[in-house]
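Asks: Sharing a model prediction with you, sequence too.
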Amino acid sequence: MKEILEKYERKSDNLLAILHELQDSKDEHYLSREDLKAVSKYLNLPLSMVHGVATFYSMYAFKPRGKYIIRVCQSPPCHLMGATTISKELMKILGIKFGETTKDKLFTLEMSSCLGVCGVAPAIMINNKVYGNLTPEKLKSIIEEKRREK
Ligand code: FES
(Lines give C-alpha, C1' and ligand atoms only; values in the text may rest on other atoms or scores of the structure.)
Protein backbone atom coordinates (compact mmCIF):
# COMPACT_ATOMS: atom_id res chain seq x y z
CA MET A 1 0.00 0.00 0.00
CA LYS A 2 2.86 2.35 0.90
CA GLU A 3 4.31 2.20 -2.63
CA ILE A 4 0.94 3.11 -4.14
CA LEU A 5 0.41 6.06 -1.82
CA GLU A 6 3.89 7.43 -2.34
CA LYS A 7 3.41 7.56 -6.11
CA TYR A 8 0.98 10.43 -5.53
CA GLU A 9 1.47 13.95 -4.28
CA ARG A 10 -0.31 14.61 -0.99
CA LYS A 11 -3.12 16.56 -2.68
CA SER A 12 -6.84 15.94 -2.24
CA ASP A 13 -7.15 15.99 -6.07
CA ASN A 14 -5.47 12.59 -6.03
CA LEU A 15 -8.07 10.95 -3.78
CA LEU A 16 -10.08 9.17 -6.50
CA ALA A 17 -6.99 7.97 -8.37
CA ILE A 18 -5.45 6.57 -5.16
CA LEU A 19 -8.66 4.77 -4.19
CA HIS A 20 -8.90 3.36 -7.69
CA GLU A 21 -5.34 2.08 -7.74
CA LEU A 22 -5.59 0.61 -4.23
CA GLN A 23 -8.75 -1.27 -5.15
CA ASP A 24 -7.26 -2.56 -8.42
CA SER A 25 -4.09 -3.70 -6.70
CA LYS A 26 -5.95 -6.33 -4.65
CA ASP A 27 -7.11 -9.70 -5.90
CA GLU A 28 -10.35 -9.14 -3.98
CA HIS A 29 -11.01 -5.74 -5.62
CA TYR A 30 -12.30 -3.83 -2.62
CA LEU A 31 -11.35 -1.07 -0.19
CA SER A 32 -11.05 -2.05 3.47
CA ARG A 33 -11.50 0.25 6.46
CA GLU A 34 -7.68 0.17 6.84
CA ASP A 35 -7.25 1.35 3.23
CA LEU A 36 -9.55 4.32 3.83
CA LYS A 37 -7.75 5.16 7.07
CA ALA A 38 -4.34 5.04 5.37
CA VAL A 39 -5.53 7.30 2.54
CA SER A 40 -7.09 9.71 5.02
CA LYS A 41 -3.81 9.91 6.93
CA TYR A 42 -1.67 10.22 3.80
CA LEU A 43 -3.75 13.04 2.28
CA ASN A 44 -4.45 14.60 5.65
CA LEU A 45 -8.20 14.49 5.02
CA PRO A 46 -10.84 13.54 7.59
CA LEU A 47 -11.74 9.84 7.42
CA SER A 48 -15.42 10.80 7.17
CA MET A 49 -14.66 12.76 4.01
CA VAL A 50 -12.65 9.93 2.40
CA HIS A 51 -15.43 7.51 3.32
CA GLY A 52 -18.11 9.88 2.00
CA VAL A 53 -16.37 10.34 -1.35
CA ALA A 54 -15.64 6.63 -1.75
CA THR A 55 -19.20 5.56 -1.00
CA PHE A 56 -20.61 8.16 -3.41
CA TYR A 57 -19.17 6.31 -6.41
CA SER A 58 -20.47 2.91 -7.45
CA MET A 59 -17.06 1.92 -8.83
CA TYR A 60 -15.72 1.31 -5.31
CA ALA A 61 -16.57 -1.78 -3.28
CA PHE A 62 -16.27 -2.28 0.47
CA LYS A 63 -16.50 -6.02 0.75
CA PRO A 64 -14.31 -8.64 -0.95
CA ARG A 65 -15.16 -9.43 -4.57
CA GLY A 66 -13.93 -12.00 -7.06
CA LYS A 67 -10.69 -11.96 -9.01
CA TYR A 68 -12.72 -11.21 -12.12
CA ILE A 69 -15.41 -8.52 -11.93
CA ILE A 70 -17.92 -9.10 -14.72
CA ARG A 71 -19.94 -5.98 -15.53
CA VAL A 72 -22.90 -6.56 -17.78
CA CYS A 73 -24.15 -3.53 -19.70
CA GLN A 74 -27.85 -2.94 -19.10
CA SER A 75 -28.29 0.26 -21.13
CA PRO A 76 -30.90 0.37 -23.93
CA PRO A 77 -28.70 -0.54 -26.97
CA CYS A 78 -27.31 -3.63 -25.21
CA HIS A 79 -30.74 -4.42 -23.82
CA LEU A 80 -32.20 -4.40 -27.34
CA MET A 81 -29.39 -6.61 -28.60
CA GLY A 82 -29.86 -9.34 -25.99
CA ALA A 83 -28.38 -8.25 -22.66
CA THR A 84 -31.18 -10.12 -20.86
CA THR A 85 -30.18 -13.42 -22.49
CA ILE A 86 -26.52 -12.72 -21.72
CA SER A 87 -27.38 -11.93 -18.09
CA LYS A 88 -29.42 -15.14 -17.67
CA GLU A 89 -26.69 -17.20 -19.30
CA LEU A 90 -24.02 -15.75 -17.02
CA MET A 91 -26.12 -16.43 -13.91
CA LYS A 92 -26.58 -20.01 -15.12
CA ILE A 93 -22.89 -20.61 -15.93
CA LEU A 94 -21.62 -19.05 -12.71
CA GLY A 95 -24.47 -20.17 -10.41
CA ILE A 96 -24.77 -16.70 -8.85
CA LYS A 97 -27.03 -13.65 -9.08
CA PHE A 98 -26.04 -10.04 -9.70
CA GLY A 99 -24.15 -8.60 -6.75
CA GLU A 100 -22.83 -12.03 -5.74
CA THR A 101 -19.41 -13.69 -5.88
CA THR A 102 -18.76 -17.34 -6.76
CA LYS A 103 -17.69 -19.61 -3.87
CA ASP A 104 -14.22 -20.05 -5.40
CA LYS A 105 -13.89 -16.22 -5.25
CA LEU A 106 -13.15 -16.12 -8.96
CA PHE A 107 -16.12 -14.15 -10.35
CA THR A 108 -18.35 -11.29 -9.18
CA LEU A 109 -21.34 -10.35 -11.29
CA GLU A 110 -22.40 -6.71 -11.51
CA MET A 111 -24.73 -4.58 -13.63
CA SER A 112 -23.36 -1.61 -15.48
CA SER A 113 -24.58 1.29 -17.50
CA CYS A 114 -23.18 1.89 -21.00
CA LEU A 115 -19.61 0.66 -21.37
CA GLY A 116 -19.04 2.95 -24.35
CA VAL A 117 -18.94 0.19 -26.96
CA CYS A 118 -22.58 0.19 -28.12
CA GLY A 119 -21.47 -0.70 -31.67
CA VAL A 120 -20.65 -4.21 -30.45
CA ALA A 121 -23.72 -4.70 -28.22
CA PRO A 122 -24.42 -6.75 -26.21
CA ALA A 123 -21.26 -6.15 -24.24
CA ILE A 124 -19.65 -6.98 -20.92
CA MET A 125 -16.46 -5.88 -19.22
CA ILE A 126 -14.23 -8.25 -17.26
CA ASN A 127 -11.92 -6.19 -15.08
CA ASN A 128 -10.60 -3.69 -17.65
CA LYS A 129 -11.27 -5.64 -20.84
CA VAL A 130 -14.40 -5.28 -22.95
CA TYR A 131 -16.05 -8.19 -24.78
CA GLY A 132 -18.70 -7.48 -27.41
CA ASN A 133 -21.02 -9.12 -29.96
CA LEU A 134 -21.74 -11.71 -27.30
CA THR A 135 -23.66 -14.89 -27.79
CA PRO A 136 -24.26 -17.59 -25.15
CA GLU A 137 -21.60 -19.75 -26.86
CA LYS A 138 -19.04 -16.96 -26.92
CA LEU A 139 -19.79 -16.23 -23.27
CA LYS A 140 -19.17 -19.86 -22.27
CA SER A 141 -15.77 -19.90 -23.93
CA ILE A 142 -14.77 -16.56 -22.31
CA ILE A 143 -15.65 -17.89 -18.85
CA GLU A 144 -13.88 -21.20 -19.50
CA GLU A 145 -10.79 -19.25 -20.60
CA LYS A 146 -10.85 -17.22 -17.37
CA ARG A 147 -11.23 -20.38 -15.29
CA ARG A 148 -8.17 -21.84 -17.02
CA GLU A 149 -6.19 -18.60 -16.47
CA LYS A 150 -6.86 -18.53 -12.71
S1 FES B 1 -25.31 0.39 -24.33
FE2 FES B 1 -24.05 -1.29 -23.86
S3 FES B 1 -22.10 -0.58 -24.34
FE4 FES B 1 -23.35 1.13 -24.72
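Replies: It's in.
Asks: Domain ranges for the chain, per the record?
Replies: 2-56, 68-149 (automatic domain parsing).
Asks: What mean pLDDT does the last one get?
Replies: The average pLDDT within domain 68-149 is 95.
Asks: So what's the residue count around the closest residue to Ser87 other than its chain neighbours?
Replies: Spatially, and ignoring its direct neighbours in sequence, Ser87 is nearest to Val72 (5.4 Å; Cβ to Cβ, 6 or more residues apart in numbering). C-beta here means a position set from N, CA and C on the backbone, and glycine is covered the same way. Neighbourhood size, Val72 [other Cβ atoms under 10 Å]: 22.
Asks: how about the strands in this structure?
Replies: Using DSSP state E, the strands of the chain run over residues 68-73, 107-112, 124-126, 129-131.
Asks: The first one pairs with which strands?
Replies: Strand pairing for strand 68-73, using DSSP bridges, gives strand 107-112 (parallel), strand 124-126 (antiparallel).
Asks: Then the last one?
Replies: Each strand paired with strand 129-131, and its direction, by DSSP bridges: strand 124-126 (antiparallel).
Asks: hmm, the strand it pairs with touching the ligand?
Replies: No: applying Cβ under 6 Å from any ligand atom, one finds strand 124-126 separated from the ligand by no less than 8.9 Å.
Asks: Pull out the buried positions in that strand.
Replies: Ile124, Met125, Ile126 (16 or more other Cβ atoms under 10 Å).
Asks: cool, stretch 114-122 as well?
Replies: Leu115, Val117, Cys118, Ala121, Pro122.
Asks: which parts of the chain sit against the ligand?
Replies: The chain comes close to the ligand at residues Cys73, Ser75, Pro77, Cys78, Cys114, Leu115, Val117, Cys118, Ala121, Ala123, as judged by Cβ under 6 Å from any ligand atom.
Asks: can we see that at 8 Å?
Replies: Within reach of the ligand by Cβ under 8 Å from any ligand atom, the chain has these residues: 73-79, 83, 113-118, 120-123, 132.
Asks: Return the subset of the residues you listed lying in helices.
Replies: Cross-referencing the residues of the chain next to the ligand against helices under DSSP state H gives Pro76, Pro77, Cys78, His79, Ala83.
Asks: List the contacts of the second one.
Replies: Think Pro77. Cys114, Cys118, Ala121 (Cβ atoms under 8 Å, 6 or more residues apart in numbering).
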